[in-house]
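K.L.:
I need the structure of the sequence given here:
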Amino acid sequence: MCGITGFISSELTKSHLIKMTEAIQHRGPDAEGYFYNADLHVGLGHRRLSILDLSVEANQPMTSHGGRYVMVYNGEVYNYKEIASQLGLSLNTSSDSEVLLEAYAKWGDEFVQQLNGMFAIAIYDLQEKQLKLFRDRLGIKPLYYFFQDNCFAFASEIKSLHQLGIKFQLNQKAVANYFYLGYSPQNSTVFAAIQQLPAGSIGTLENGGFQVSTYWDLADKVEVSTPNNYTESKQHLTETLHSAVAYRMISDVPLGTFLSGGTDSSLVTALASKISPVKINTFSIGFAEAKFNESQHAKAIASHLKTNHHELQVSYTDALDVLDEVMDNFDQPFVDSSALPTYLVSKMAKQNVSVALSGDGGDELFMGYGSYNWGKRLSNPFIWNTRKLIAKGLSLSNSNRNKRAAMVFNCPSKERIKSHIFSQEQYLFNENELPQLLINPSGLVLDEKIKSKRILSFQEEQALFDIQNYLKDDLLIKVDRCSMLTGLEVRVPLLDHRVVESAINLNSSFKISPQGTQKYMLKEVLYGMVPKNLLDHPKQGFSIPLSSWLDNELQYLIEEYLDDTLIADSKVFNLAYVKELKRRFFNGEKYLYNRIWQLIVFNKFLKKNQDYIVQ
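P.N.:
A predicted model of the protein is given here:
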C-alpha cells in the first residue's frame, strides 16, 4: 500500500515531483523513490508502505526486465503468484509489483483483467512515450488527475496536485452535489480542473490527448436471470467469501480485522479466524452513549472466536483532538463524520498490525440499509401518487422522526428517486433546499439510469446506485484516507470482484427474506460460525453521537464556522437561510444536525484551502 504521483509537462521539474511525493509521505512511511527524465518531461514518484517483500529491491518506481516500462503502483494484487506462474516468470523479488509490471509488458492493457485486488497503477512506456493509468474495478484505491495547457499530473491525493502551484476555480456543480449527497460524485471534485479516474477504467495519455476507456462495469455484470436454488447459491457464496478472505490474508507483516459486532465485520473476522493458524487481532471502538456503542457485541464475538481483542472507548475529547487532522486530510469537503472513529480505530490497529481487514460493502451488496425499505415503499403506486399528501401530514407533527419521514416522502420525481432517498436518509439538504441555501445553485450531475440485462427491482436499483456512488465516493474514500493517514493498509474482502458479481446476481429473496430479514443469506453463512444470539441485536452502524455533541461540547464549531460574517463573506450561502437553520436546530429540530455539520465542514474547507482557490 502506497502513494503515487507523477506528471508529463515541460513546465514541471524534479523539485515539483519531490514536493508532490512528500505531500503524501503518510501513505508510505517506509521508502520513497523517483523517476525523472528531463528530455521526456516525465516524472514518477512513490511513497512505500512495505507489506509484501520488505526488501529495497521491491521499492518503486520499478523498471521492467526489458527496460521499456517504468511503473508506480498503489495497492495490493492478491493473485500475483498465480499470474507469475502463468507467465513463467523468473523474478528478482517476491513482490506483486514486479509481477504486475511484467504482466503488462507481456499482455498490454488486457493484463488488468487478470488482477484480483485493489490498485491504482501508472506505467510509462519509454519507447512509445505513452502514459497508462489503471484503477481497480470498485474504486477502492484513489487516483486524481489534472490536465490543462499541456500539463498532465496525477496523484493518490489532491494535496499532491496543490504542489503544482496552481489556483483552482470551485466546481459549482460539485458544491451543490456535496450539500445534496455529502461528497463529490461521478468522478468530480470540488476543484473544477481536478477529476478522478473512474473505477474500472484505463486512462491513456499520448500525443497530447487523454482518453478514458472502461474495462469493467458493474451493470454489465448483471445476468439475465437469478438462480432459484438456495442451497447451491449459499454454497457458492460461502466458497467465494472464503477465497476472498484467504487472498487478503497474504502478508509479510502482522494482520488483524476491524470488528464492530455487526454482520459484515463479524463474517470477515470469523472467516479470517477459521483460515489463520494463529489467533488474529481484532479492533473495535466504543462510545459512552449507549445508542452508538456496539463494543459489547464486538467483545462477545471476539470472545467466541478467541481473538486477541483490542477496544478503545471514544469520547468527544478524543474526536476533538483529531478533528482538524482528519477533516483536513480529505482535501475537499467530506461530511461523513464516521471518519473520526475510522481514524481512531486505524490508529489503534497500527500499534499492533500493518494490515487490517474490514467489512465494507456488505450493506450495499446484500441490502442491509433502511433505504432499501424506502425504495420498496415508494415503488408502491398508491404511496407514490399520494406521497405529497403524506409528506404534508407528517411535517405537521411535533415528532422529529415524522418530520424526517416527511422529507423522504416528498420526493420531486422518479428520475431523482434513488439519490433523494439516500440524501434524506443521511439527513442532508434536499433538492428543493439547494436554491434557498446557495447563492449560485448549480444542477446535480447524477445520472441515475441503470441499464442491465434483466429488469431490476427498485431495491436492486437502489443497491446498484449505492455501490456505484455512495460506496465508491464516500465509504471507500473515508477508509482509504483515514487508514493511510496512520500508515495502515485496509483490505476489503467483500469487494473482491468475484463476490460482487456473485452478490448482484443473487435472487432478491436471498438478500431480503420473505419475512423481511435483511442480508438474509449473508447472515445464514455467518450463523455457521458464530451463534445467532450473539448477533441478534438492532443494526447501529458506525457513527458518532454528532447531534448531541454539536448541541453541547462541539457547539463552538457552529459559533466559529457558521458565524454571520464568515457566511456573508463566503459569497456561497444565503445568510438568512443559514440563520434560520441554526435557529431551528437549537429550538429542538435535532434531525437537522447533519445539515449543520455540512456547513461547518464546507466553511472549514474554504478557510483551510484559500491559497488554492480562485476568489
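K.L.:
quick one: the strands in the stretch 251-400 of the chain?
P.N.:
Counting by DSSP state E, counting those that start in this stretch, the segments of the stretch 251-400 of the chain that form strands are 255-258, 281-287, 308-314, 355-357.
K.L.:
what number of residues lie near F258?
P.N.:
27 (other Cβ atoms under 10 Å). In this view, the C-beta of every residue, glycine as well, is placed from N, C-alpha and C.
K.L.:
Pretty sure it sits against D360.
P.N.:
No - using Cβ atoms under 8 Å, F258 is not in contact with D360; the gap is 9.1 Å.
K.L.:
what's the spacing between the nearest residue to G67 once chain neighbours are set aside and L40?
P.N.:
Leaving aside its sequence neighbours, G67 sits nearest to L126 (Cβ to Cβ, 6 or more residues apart in numbering; 7.6 Å). Counting by Cβ to Cβ, to the nearest Å, the gap from L126 to L40 is 7 Å.
K.L.:
With neighbour numbers in mind, choose between the two.
P.N.:
The residue with more neighbours, out of L126 and L40, is L126; 16 against 12, by other Cβ under 10 Å.
K.L.:
What about the more buried one? Give its phi and psi, please.
P.N.:
The phi and psi values for L126, taken as degrees, to the nearest 10, are phi -70, psi -30.
K.L.:
how about it, what does it touch?
P.N.:
By Cβ atoms under 8 Å, 6 or more residues apart in numbering, L126 lies in contact with N37, L40, G67, R68, Y69, V70.
K.L.:
Could I get the full set of strands for the stretch 51-200 of the chain?
P.N.:
62-63, 69-77, 117-125, 130-135, 144-148, 151-155, 194-196.
K.L.:
In CSV: the ones you listed, plus mean neighbour count.
P.N.:
Putting those into CSV (neighbours: other Cβ atoms under 10 Å) gives the following:
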stretch, mean neighbour count
strand 62-63, 20
strand 69-77, 25
strand 117-125, 24
strand 130-135, 22
strand 144-148, 20
strand 151-155, 24
strand 194-196, 22
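K.L.:
Low-confidence regions, the stretch 401-550 of the chain specifically.
P.N.:
The stretch 401-550 of the chain contains residues with pLDDT under 70 at 445, 538-543.
K.L.:
Quick one: the strands in it, in order.
P.N.:
With DSSP E, counting those that start in this stretch, the ranges of strands along the stretch 401-550 of the chain come out as 489-491.
K.L.:
Spatially central residue for the chain, please.
P.N.:
Ranked by distance to the mean C-alpha position of the chain (Cα atoms, centre = their mean), the top residue is L476 at 1.4 Å.
K.L.:
Tell me the spacing between the nearest residue to that residue once chain neighbours are set aside and E460.
P.N.:
Nearest-residue entry for L476: I140, 5.4 Å, with adjacent residues in sequence omitted and distances by Cβ to Cβ, 6+ apart. From I140 across to E460, the span is 22 Å (Cβ to Cβ).
K.L.:
Just the buried positions in the longest helix along the chain, please.
P.N.:
In the chain, taking DSSP state H as the definition, the longest helix is helix 230-247. Residues of helix 230-247 classed as buried: S233, K234, L237, T240, L241, S243, A244, V245, A246, Y247 (neighbour count, 16 or more other Cβ atoms under 10 Å).
K.L.:
Now do that helix: everything it contacts.
P.N.:
Residues contacting helix 230-247 (Cβ under 8 Å, 6+ apart): 78-79, 116, 227, 267-268, 271-272, 274-275, 357, 493-494, 496, 498-499, 502-503, 506-507, 510, 521-522, 524-525, 528.
K.L.:
for stretch 210-227, same thing?
P.N.:
Residues contacting stretch 210-227 (Cβ under 8 Å, 6+ apart): 109, 112-113, 137, 145, 147, 152, 197-198, 200-204, 233, 450-454, 456, 464, 467-468, 497, 500-501, 504-508.
K.L.:
Return a PyMOL selection command for the buried portion of the residues you listed.
P.N.:
If you want just the buried ones from these in PyMOL, going by 16+ other Cβ under 10 Å, the selection is:
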select buried, resi 112+137+145+147+152+197+198+200+201+202+203+233+450+452+456+464+467+468+497+500+501+504+505+506+508
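K.L.:
Among the contacts of stretch 210-227, which ones are in helices?
P.N.:
Among the contacts of stretch 210-227, the members falling in helices (DSSP H) are S233, L464, H497, V500, E501, S508.
K.L.:
what two of those are the furthest from one another?
P.N.:
H497 and S508 (20.8 Å; Cβ to Cβ).
K.L.:
show me the contacts for K608.
P.N.:
Going by Cβ under 8 Å, 6+ apart, K608 touches D328.
K.L.:
now it: how far from F602?
P.N.:
11 Å.
K.L.:
again, but for Y369
P.N.:
As defined by Cβ to Cβ, Y369 lies at a distance of 25 Å from F602.
K.L.:
likewise G261?
P.N.:
33 Å.
K.L.:
so how far does stretch 492-502 reach from one end to the other?
P.N.:
16 Å (Cα to Cα, to the nearest Å).
K.L.:
Please state the offset of it from the chain centre?
P.N.:
Distance of stretch 492-502 from the chain centroid (Cα atoms, centre = their mean, to the nearest Å) equals 15 Å.
K.L.:
which of the residues in stretch 505-523 are buried?
P.N.:
For stretch 505-523, by 16+ other Cβ under 10 Å, it's N505, L506, S508, F510, K511, I512, Q518, K519, Y520, M521, L522, K523.
K.L.:
no, scratch that, I was asking about stretch 6-15
P.N.:
Using 16+ other Cβ under 10 Å as the test for burial, stretch 6-15 gives G6, F7, I8, S9, L12.
K.L.:
now do stretch 318-325
P.N.:
Residues D318, A319, V322, L323 are the ones in stretch 318-325 that count as buried (16+ other Cβ under 10 Å).
K.L.:
Reformat these as a markdown table; add distance to H46.
P.N.:
Formatted as a markdown table, the buried residues of stretch 318-325 follow (distance: Cβ to Cβ, whole Å):
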| residue | distance to H46 |
| --- | --- |
| D318 | 33 |
| A319 | 33 |
| V322 | 27 |
| L323 | 30 |
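K.L.:
Among those, which one sits closest to M20?
P.N.:
Of all those, M20 sits closest to V322, with 25.2 Å by Cβ to Cβ.
K.L.:
And the closest one, how far from K347?
P.N.:
Separation of V322 from K347 (Cβ to Cβ): 8 Å.
K.L.:
ok, now A192?
P.N.:
According to Cβ to Cβ, A192 stands 34 Å off from K347.
K.L.:
and what of G108?
P.N.:
41 Å.
K.L.:
Same question for L161.
P.N.:
According to Cβ to Cβ, L161 stands 26 Å off from K347.
K.L.:
Next: S547.
P.N.:
Computed with Cβ to Cβ, the distance linking S547 and K347 is 25 Å.
K.L.:
One more: L437?
P.N.:
According to Cβ to Cβ, L437 and K347 sit 35 Å apart.
K.L.:
same thing with G528?
P.N.:
33 Å.
K.L.:
same deal with I383?
P.N.:
Distance, I383 to K347, by Cβ to Cβ: 45 Å.
K.L.:
So which other helices or strands are in contact with the helix or strand containing F35?
P.N.:
Using DSSP states H and E, the element containing F35 is strand 31-37. On a contact count with 3 or more Cβ pairs under 8 Å, 6 or more residues apart in numbering; DSSP states H and E, strand 31-37 meets helix 14-22, strand 42-48.
K.L.:
Can you pull the domain assignment for this protein?
P.N.:
Domain ranges of the chain: 2-169+196-217, 229-367+457-534, 545-615, per automatic domain parsing.
K.L.:
before we move on, the earlier item: which of the ones in helices among the contacts of stretch 210-227 sits closest to I596?
P.N.:
Checking those one by one against I596 (Cβ to Cβ), the nearest turns out to be L464, at 31.0 Å.
K.L.:
distance of the closest residue to that closest one other than its chain neighbours from M62?
P.N.:
Nearest non-adjacent residue to L464, counting by Cβ to Cβ, 6+ apart: I450, 5.5 Å away. Distance, I450 to M62, by Cβ to Cβ: 39 Å.
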